[in-house]
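Colleague: One predicted model, sequence on top.
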Amino acid sequence: MDVQYRILLVDDDEASLYLHRFFLQRHPASIDVSSERDGHAALKTIKELLEQDQLPDALLLDLNMPKLNGWELLEALEELKDPRIAGIHIVLISTTVNPDDHQRAKMHPLVQGFIPKPLKKDEVNVLIDQLGQSV
């Protein structure tokens, strides 16, 4: 079956990556899931995918990571000034309870949504439906 959606998970927590991958790969849609463990690695991957014109359809991004956190990665993506970045459905996935993070997510031009960790099956269904509507 051809891949319908490409999703990049960015999270430093191995258990979260496993759980999120589990739910995504069990969805009826054909989903290619890749992951990076920190913001620097994710930025490098996204730059490579830009060169190949193979950006993911969605980026599920943790906020609290070492080296380069989610907010810093978003800033780095904006600094690339490539209009194709806006075509990525970026959803923040975090344990943060800070209302400032939630408000900042709502206001950020690249962010499409905010989901509290852990990602659940119903949230995967909503995400895939949203991706289907944007195609």
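Modeller: Good, I have the coordinates. Numbering: from 1, shown residues only.
Colleague: all strands of this protein, in order?
Modeller: All strands of the chain, identified by DSSP state E, fall at 5-10, 31-36, 58-61, 89-94, 111-116.
Colleague: What's the local residue count around residue 80?
Modeller: 13 (other CB atoms under 10 Å). C-beta: built from backbone N, CA, C; applies to glycine.
Colleague: Contact partners for it?
Modeller: 47, 50 (CB atoms under 8 Å, 6 or more residues apart in numbering).
Colleague: Would you mind measuring from it to residue 35?
Modeller: Residue 80 sits 21 Å away from residue 35, going by CB to CB, to the nearest Å.
Colleague: do residue 118 as well
Modeller: In terms of CB to CB, residue 118 sits 15 Å off from residue 35.
Colleague: got it, and residue 104?
Modeller: Distance from residue 104 to residue 35, by CB to CB: 24 Å.
Colleague: Please say which of those two ends up with more neighbours.
Modeller: Remark: of residue 104 and residue 35, residue 35 carries more neighbours, 19 against 16, as counted by other CB under 10 Å.
Colleague: I figured the more buried one was touching residue 11, is that so?
Modeller: Yes: using CB atoms under 8 Å, residue 35 is in contact with residue 11, at 7.2 Å.
Colleague: what sits in contact with each of these two?
Modeller: With CB under 8 Å, 6+ apart as the test, residue 35 and residue 11 both reach residue 17.
Colleague: Please tell me how far residue 34 sits from residue 74.
Modeller: 19 Å.
Colleague: More neighbours: which of those two?
Modeller: It is residue 74, of residue 34 and residue 74, that has more neighbours when counted by other CB under 10 Å, with 23 against 14.
Colleague: Excluding chain neighbours, what is closest to that one?
Modeller: residue 110 (5.7 Å; CB to CB, 6 or more residues apart in numbering).
Colleague: need the contact list for the one you found.
Modeller: Counting by CB under 8 Å, 6+ apart, residue 110 has contacts 74, 77-78, 85-86, 88, 90.
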